[in-house]
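Undergrad: predicted model follows, preceded by the sequence.
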Amino acid sequence: MLYALRRATLALRGAAAAIVLVLAAAAPAHAEAASTAQASAFVTKLVDTAINDVIGAKITNTEREERFRKLFVEAADIPSIAAFVVGREWRSAPDAQKKDFIQLFEEVSILTWISHLDEYKDVRITVTGAYSDKSDIFVESQAHTSDGKPIPIVWRIQDRGNGQLKLIDVVIEANSMLINTRKQYASVMRRDGGLDGLMKSLSTMRDDLRAGKQPKPLPEG
């Protein structure tokens, strides 16, 4: 299971994760409005919902995708994450292309996570602490598996105002999914001709995932 968790983590670096879903996203920050206790509760609820209502629920694949999509979209600041992982290319991109990329990024992220959900059935995640730093709150946790030592996971949270918390990054064993994704995307854009080339590669990944195929991994940054 430890191997499965790490393998799934490597696959998710090209997605979002997302999640997954633990980012230095450029967005208004009001972390002082939320406490570390609130952020810890946010992560605990997110994890419990994912395990009980998505991963461990006896539902169809269609229902599982719908539930995970709802959870992912509500928890993560997808537009800010999308802008950050594209980097410099984002500033000069037309609004219509930005909108299309956000939708594509969301779809690839969700499908990538879903393709690995079964590998997390025996994983138990517990929150162990939290601290704040400027605009961010970092919630520390450990993933416990049946065949290995605990894996440290840090969830980076930002407050969007009025107590609305959003997941910005997931850092697994000191590897930021946000930073890794940005590096990978930069490599693809250098190789394939900017944002257009990246979107073409992600479209292929999306189609492969939809067809139940293992997509070709993006190059390491």
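TA: Sure thing, it's come through.

Undergrad: residue 110 is in contact with residue 71, isn't it?
TA: No: between residue 110 and residue 71 there is no contact, the gap being 9.6 Å when judged by Cβ atoms under 8 Å. Just so you know, the C-beta spots here come from the backbone N, C-alpha and C atoms, and that holds for glycine as well.

Undergrad: of the two, who's got more company?
TA: residue 110 (26 against 19; other Cβ atoms under 10 Å).

Undergrad: can I take it that residue 220 is in a strand?
TA: No: counting by DSSP: H, G, I helix; E, B strand; the rest coil, residue 220 is located in no strand; its state is coil.

Undergrad: quickly find the element holding the closest residue to it other than its chain neighbours.
TA: Distances taken as Cβ to Cβ, 6 or more residues apart in numbering put residue 184 closest to residue 220, at 6.6 Å, once the chain neighbours are dropped. Per DSSP states H and E, residue 184 falls inside helix 177-192.

Undergrad: and that helix, C-alpha only, in PDB?
TA: What follows is helix 177-192, C-alpha atoms only, in PDB (Å, rounded to 0.1, in the frame of the first residue of the first chain):
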ATOM      1  CA  MET A 177       2.100  18.900  -6.200                       C
ATOM      2  CA  LEU A 178       1.700  22.500  -7.200                       C
ATOM      3  CA  ILE A 179       5.400  23.200  -7.900                       C
ATOM      4  CA  ASN A 180       5.900  19.800  -9.600                       C
ATOM      5  CA  THR A 181       3.000  20.400 -11.900                       C
ATOM      6  CA  ARG A 182       4.200  23.800 -12.800                       C
ATOM      7  CA  LYS A 183       7.700  22.400 -13.700                       C
ATOM      8  CA  GLN A 184       6.100  19.600 -15.800                       C
ATOM      9  CA  TYR A 185       3.900  22.100 -17.600                       C
ATOM     10  CA  ALA A 186       6.800  24.400 -18.300                       C
ATOM     11  CA  SER A 187       8.700  21.500 -19.900                       C
ATOM     12  CA  VAL A 188       5.700  20.600 -22.100                       C
ATOM     13  CA  MET A 189       5.200  24.200 -23.200                       C
ATOM     14  CA  ARG A 190       8.900  24.600 -24.100                       C
ATOM     15  CA  ARG A 191       8.700  21.300 -26.100                       C
ATOM     16  CA  ASP A 192       5.300  21.700 -27.700                       C
END
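
Undergrad: the lowest-mean-pLDDT helix or strand in the chain: what's the following helix or strand?
TA: Among the helical and strand segments of the chain, the one scoring lowest on mean pLDDT, DSSP states H and E is helix 2-12, with a mean of 41. Once the chain leaves helix 2-12, the next helix or strand it forms, by DSSP H and E, is helix 36-49.

Undergrad: counting contacts, what elements does the next helix or strand after that following helix pack onto?
TA: Next helix or strand after helix 36-49 toward the C-terminus (DSSP H and E): helix 61-75. If contacts are counted by 3 or more Cβ pairs under 8 Å, 6 or more residues apart in numbering; DSSP states H and E, helix 61-75 sits against helix 36-49, helix 95-115.

Undergrad: rebuild the ones you listed as JSON lines, extending it with distance to residue 78.
TA: Formatted as JSON lines, the helices and strands packed on helix 61-75 follow (distance: least, Cβ to Cβ, whole Å):
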{"stretch": "helix 36-49", "distance to residue 78": "15"}
{"stretch": "helix 95-115", "distance to residue 78": "5"}
